[in-house]
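Colleague: Sequence first, predicted model second:
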Amino acid sequence: MSSDILAGLNPEQHRAVTAPEESVLILAGAGSGKTRVLTTRIAWLLQENLASTSEILAVTFTNKAAKEMLARLEGMLPYDLRRMWVGTFHGICNRILRIHAADAGLPKTFQILDSGDQLSLVKRIMRTADLDLEKNDPKLFQNFINWSKENGLRASQVTVKDASTLKIDVYRAYENECQRQGVVDFAELLLRCYELLARSELVRTHYLKRFRHILVDEFQDTNVLQYKWLKLLAGEGLGADGGPLNAVFAVGDDDQSIYAFRGANVGNMSDFMRDLHVKETIKLEQNYRSTKTVLDAANAVIDNNNGRLGKNLWTAGVKGEKIVVRELADELAEAASVVDEIRRAERRIGPDAQTRWRRFAILYRTNAQSRALEAEFTARGVPYRVYGGLRFFERAEVKDLLGYLRMITNPWDDTSFMRVVNTPTRGIGAKTLEMLQQTAAQNGQTLWATMIQMGDALPPKLCVFRDLIFSLRETAQNMKLTDAVSHVISASGLQAFYEKDQKTGQDRIANMKEVITAVDGWLRSEQIPEDWLAFSPVNDEVPSPMEGFLTQATLEAGDKNEGQNIDAVQLMTVHSAKGLEFPWVFIVGAEEGIFPHFSATKSVSEGGQGGLAEERRLMYVAITRAKERLFFTHCRARRMYGQSFNNKLSSFVKEIPDALLKMESESDDEDDYDDGWGRFSRGGRWEGASGSKYGSSGGWQRQSSYGDKSEGRSSGSGSSSAGYGARKSFAGAGSSLAAAQAKRAEADSGYKTGDAVLHDVFGAGVVKHIVGSGDTTVLRIAFSGSGTKDLLFKIAKAKLHHA
DNA sequence: TTCGGGAGAGTTTTT
DNA sequence: CTCTCCCGAA
C-alpha cells in the first residue's frame, strides 16, 4: 500500500519521509527532491493512518509553493484534502484571524493593506503629524514598523535603543490608525495571529489539538516572528520530556538563505533543533539536477562561507561540459554574445516545439541589467520573457476598482477612501480633503465617519461621493458578487473615466473586467473552513464572499506564473530563479561590484552577518539552477547610471577550480562563427549580417529604449510580459543581399527609410531603418519628442501613419 | 487637474 | 542614464 508512494526514494529521502512522529529538520540541498519529500511525507502520514487530513498543517512562503504542494498531493492520493490546511504563513494567519476576528480585536470585515497601501498610510500619518517628509523618509519609517512587527514588537515594546522616539511615535500612531480603520498590514497578520494564540487559551488549545503535524517549507527563510508562531502551534515544551506537543517537519537549506535582507533568520535552523528537541537532522545531498561539473563549482563557491550547517551535494550523473567564462567589451557585446550562444544552441538542438527557447535562462543580479538583454532579444527576433514587474492586482485601474469594493465592505478604510474619493475626478481637490482630514484627526475619527457626522456641513462634492458609496453598497447587497463588481465598474464612473483615455483606456477597462472573471473563479473555489462553523455557528458570522475575494486579491496579488508555459527564453533575477531549474543557464554580469553587489561588500555592520556571505549563497543558488550548461559573462566596461565602470571578474567565479572552467575572452576567440545573423568577432563587437545594419556604428541595440516595451510586448490582461521581437526569416550575409532584404522589408511595411510618420503615442518622427519581412518587420523611427524607438511593425502599424 | 521641470536616487522580494 | 516624486504654473 505504502510501497508505491515510497518507491524510487533514495535512502535519505526514505528516511526523511518515514521519520518518527517527532520534530525533524531536513537539510535539503538544491535539486535534492525537497518538494517531493515534503509531499510524500504527508502522503505517508495519511496512508499509514498516522494522521488524518485535518491534523495536517503545511506552511510555505509563496502561494506558488502552496499550490504546487496541493496539486502534487492531489495527484498522489485519492483523498479529499479539503480539511487539510496548506497555505502561506500569511494565508494561514488570515484564516485564523477571520475565524476569531472578535477575539483578535478586529472587525470581521477587516481589510489587508499591501505594501503600497501601507506606505500611503504611513505618509498620511506623518503629514498629519507635521513631519517633513524630505528629512524623514517614509520608507524608512515603514521599514521600521515592519521590522518591529517581524520581531514581535509592538510600539510599546520597542526600546529607544532600537529606534528614535520619533519612529516609535509614528509606529504608535500607525497602530492606532490601523485599529480605527479596521485594516491590517502583512506583518500584522502574523503578529496579530501570534498574539491571539498566545493570549487565548481557548483558541490555542483548539489548534494545538488539531494540527498534530506541521510541515514547513523553506524553513531557512523564516523570520523571528514566524518562528515564534511555529513554536506556539507546535506546543513547545508541552510534550513528553519537555519537547513539543506536535511534530514539526521542517525542510530547508541554509546555503540557500538569500532573504536575510528582509528579515529571514537562518539562526532559526539551529534554534529549532534545540527548542523543539530535534534528535536528528536528515541531509538530502544527492542532487538530481545538475552535471558534476556544475555541482562541483557550486560546492567550491559555497565552501568559502563560514558557519554552515555542513552539506555536500553529489551526483551520480554525468560530468558534463566545462563552464564557460566569457569576457566581453561591454554590456551590449555581452547581450549579443548570450543571444548568439542561444541561437547557435537552438539551431543545434533543433526545433523541439515545446522547449525550444524555454530551456534557456538568463540570470542577473539586478533588474536594471535586463535592459540591454531585452533590446538585443527584440532586435534579434528571439522570443523572451522577463519575470517581475507589476502584478495584476497591483495595476492602478484594478486597485481603483478594489478600492471601491473595499469601501463597500469597510468604508472606514482611509487608504481606499483616499484612493477613490477623486478617482474618477469629481472636483474634490486637495483643499477639501485637507479640511476633511484635519477634522478627522481632531476627532480621532476615520474619514468616512467624519464625513457622515458632518451632515449638512459637508461640501456638496463630498456629498456626491458619500451618496455614491451608499448607493453602491445598497445595490451591491442585492446582487450576485460578479454582477455587483460589474455594476461598480460602471456606476463608479471608472469605466467612463478610462474610456476617455485613448492610449491605455481599453486595456485598463479590460483589466477591470478581468476582475469579474477572477471573482467568478473565487466563488467557485471558495469554501468555509469547518473551524469557522465550530466557533461561529451564527450564520451572520460567516464571511461574505466579497471579503474573501478582497483578501485573496491582496494576499495573492495575481499569478506571476501565468504564461509560464510559453516557449521563450527566461530572463529573471537570481532571487526569482530560486526553486527553478533550466537546462542552460547564463549568469550575466559576473563582476565584482555587481555580483557580489557593491553594497554587500562595503559594510559588515549593516546585515549583521556580513553581506558577502549572503551574496555567495545567492551565487550558489544561481549556479545550481543549471542542469547541463552554465555560462558566466563579464564585461571590461559597463555603463551604469550614465557612467562607465571597469569591473573585475567576480571573486566568486575565481573560487571555482580552473579545471571546471573554460575561459574565453574576445581575443581568444580565434574562430569567428557566423550563423547568418551576424558574427561574433575578435573585436568582441557584434557585426551585423550586412556589416552595417546592426554594426557597432549603428548602435541598434543601444537606441532601443524603454518606450518600445509597450509596443513590443503582448499587453494582455495577465501579468506576464512576453516579448517577441522581430523574427527575421532571412539567412546569409553579404551587403548586396542585405540591401535586397531591406528593400523587401520596405515593401512589406509600406514605409521606407526617410519617410515622415505620425505615431498615435509617440508623435511625429522619421523612419531611420527597416529590417525583417512580413510579420517580423521592425522599423526604427526617430521621434521628435520621444527619442528613437524600434517598433515591431505588426504591432505598431495600427498606430502608425504617413505624415 | 494636469503637465513639465528639477532634484534625487539607483540590490534583491513575498505576503 | 532613466525613473520617480514633488512642487509650481497654466
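Modeller: Great, that's in hand.

Colleague: Walk me through the domains of chain A.
Modeller: With automatic domain parsing as the criterion, the domains of chain A are listed as A:3-101+A:189-286, A:111-181, A:293-383+A:567-677, A:392-423+A:446-552, A:705-717+A:729-802.

Colleague: Please convert those domains to TSV, extending it with distance to A:Leu436.
Modeller: For the C-beta atoms, the positions are set from N, CA and C on the backbone; glycine is no exception. Shown next, in TSV, are those (distance: least, CB to CB, whole Å):
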stretch	distance to A:Leu436
domain A:3-101+A:189-286	28
domain A:111-181	12
domain A:293-383+A:567-677	39
domain A:392-423+A:446-552	6
domain A:705-717+A:729-802	35
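
Colleague: In TSV: those, plus distance to DNA strand C.
Modeller: Listed next are the domains of chain A as TSV, based on distance: least, CB to the nearest atom of the strand, whole Å:
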stretch	distance to DNA strand C
domain A:3-101+A:189-286	19
domain A:111-181	6
domain A:293-383+A:567-677	3
domain A:392-423+A:446-552	11
domain A:705-717+A:729-802	3
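
Colleague: Where in chain A is the helix or strand with the lowest mean pLDDT?
Modeller: The helix or strand of chain A with the poorest confidence is helix A:700-703; it has a mean of 25 (mean pLDDT, DSSP states H and E).

Colleague: What residues does the stretch 551-700 of chain A have near DNA strand B?
Modeller: Listed as neighbours of DNA strand B in the stretch 551-700 of chain A under the rule CB under 7 Å from any atom of the strand: A:555-557, A:560, A:572-573, A:575-576, A:597, A:599-600, A:607, A:611, A:615, A:618, A:641-642.

Colleague: Helices along the stretch 151-300 of chain A, start to end?
Modeller: Remark: helices assigned in the stretch 151-300 of chain A by DSSP state H, counting those that start in this stretch are A:165-181, A:186-199, A:201-210, A:224-234, A:267-275, A:292-302.

Colleague: Buried deepest among these, which one?
Modeller: helix A:292-302 (a mean of 24; mean count of other CB atoms under 10 Å).

Colleague: quick one: average confidence on that helix?
Modeller: The average of the pLDDT scores along helix A:292-302 is 97.

Colleague: need the next SSE after it, C-terminal direction.
Modeller: Using DSSP states H and E, the helix or strand that follows helix A:292-302 towards the C-terminus is strand A:323-328.

Colleague: Relative to that next one, what are the paired strands and their orientations?
Modeller: Strand A:323-328 sits in its sheet next to strand A:626-635 (parallel), strand A:661-665 (parallel), going by DSSP bridges.

Colleague: and those as CSV, adding mean neighbour count?
Modeller: Below are these laid out as CSV (neighbours: other CB atoms under 10 Å):
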stretch, mean neighbour count
strand A:626-635, 24
strand A:661-665, 15
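
Colleague: Touching, A:Tyr259 and A:Asp221? I think so.
Modeller: Yes. Contact between A:Tyr259 and A:Asp221 holds when scored by CB atoms under 8 Å: they sit 5.1 Å apart.

Colleague: Of the two, which one has the most company?
Modeller: Neighbour comparison, A:Tyr259 and A:Asp221: the larger count goes to A:Asp221, with 26 against 20 (by other CB atoms under 10 Å).

Colleague: What's the per-residue pLDDT of that one here?
Modeller: Note for A:Asp221: predicted pLDDT of 97.

Colleague: pLDDT averaged over stretch A:499-506, what's the number?
Modeller: 77.

Colleague: Whether that stretch contacts DNA strand B - can you check?
Modeller: No. Against DNA strand B, stretch A:499-506 shows no contacts by CB under 7 Å from any atom of the strand, the least distance being 9.1 Å.

Colleague: can you tell me the distance between the two ends of that stretch?
Modeller: By CA to CA, to the nearest Å, the extent of stretch A:499-506 from end to end equals 7 Å.

Colleague: same question, stretch A:377-392
Modeller: Distance between the two ends of stretch A:377-392: 25 Å, counting by CA to CA.

Colleague: buried ones in it?
Modeller: By neighbour count on 16 or more other CB atoms under 10 Å, the buried set for stretch A:377-392 is A:377-387, A:391-392.

Colleague: circling back: which of the residues of the stretch 551-700 of chain A next to DNA strand B fall in strands?
Modeller: Judged by DSSP state E, those include A:Met572, A:Thr573 as members of strands.

Colleague: Any idea which of the domains of chain A has the lowest pLDDT on average?
Modeller: Among these, domain A:705-717+A:729-802 has the lowest mean pLDDT, at a mean of 51.

Colleague: From what I see, A:Val251 and A:Leu38 are in contact.
Modeller: Yes. The pair A:Val251 / A:Leu38 is scored as a contact, 5.5 Å apart, by CB under 8 Å.
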